[in-house]
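Q: Got a predicted model here, sequence first, then my questions.
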Amino acid sequence: MADAEDDSNEPQGPIPCSPCRGTGKLNSNAGDDAHEVDCAWCEGSGVFIEEHDAQAAQRPAGEATEEKPQPAVD
């Protein structure tokens with residue numbers, strides 16, 4: 001029989017976002033100078049968001065989120 005202690009490898013509490021290391025901010029070198037931007041993976045919260053698509057905000061409206069078929073290579 002399993003006790004509550006056997007579930008110790010289950011994460012306790014919120015999981016920090018890996019790309020921003022839980023800060024909610026990333027350094028961007030886009031443009032003329034480096035600046036901080038909100039992390040697209042956690043939306044600036046610093047907490048991992050399960051099933052979140054960080055690139056969704058950059059896609060044009062109505063574009064499919066599934067991969068497009070690749071052309072055949074001869």
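A: Arrived safely.

Q: Got the phi and psi for the closest residue to Ala57 other than its chain neighbours?
A: Leaving aside its chain neighbours, Ala57 sits nearest to Ala40 (6.7 Å; criterion: C-beta to C-beta, 6 or more residues apart in numbering). No exception for glycine: its C-beta is placed from N, CA and C like everyone else's. Ala40 adopts backbone torsions of phi -70, psi -20, taken as degrees, to the nearest 10.

Q: Equivalent analysis for Ala57, please.
A: The phi and psi values for Ala57, taken as degrees, to the nearest 10, are phi -70, psi -20.

Q: what's around it, how many residues?
A: Each residue near Ala57 was counted by other C-beta atoms under 10 Å, and the total is 8.

Q: Cys20 - how many residues pack around it?
A: Close neighbours of Cys20, defined as other C-beta under 10 Å, add up to 21.

Q: That one and Ala61, how far apart?
A: Distance of Cys20 to Ala61, given as C-beta to C-beta, to the nearest Å: 26 Å.

Q: So which residues make contact with stretch 49-65?
A: Contact partners of stretch 49-65, identified using C-beta atoms under 8 Å, 6 or more residues apart in numbering, comprise 17, 40-43.

Q: can you tell me how far Gln55 sits from Ala40?
A: 7 Å.

Q: quick one: which of those two has more around it?
A: Legend: neighbour count by other C-beta under 10 Å for Gln55 and Ala40, higher for Ala40 (17 against 9).

Q: Quick one: residues contacting Thr23.
A: Each residue near Thr23 by C-beta under 8 Å, 6+ apart is listed here: 39, 46.

Q: ok, back up a step: residue contacts, the residue nearest to Ala57?
A: Counting by C-beta under 8 Å, 6+ apart, Ala40 touches 26, 54-55, 57.

Q: and if you look at Pro14?
A: By C-beta under 8 Å, 6+ apart, the residues touching Pro14 are 47-48.

Q: Do you know the pLDDT at it?
A: With respect to pLDDT, Pro14 scores 88.

Q: show me where the chain has strands.
A: Along the chain, the stretches classed as strands by DSSP state E are 25-28, 35-38.
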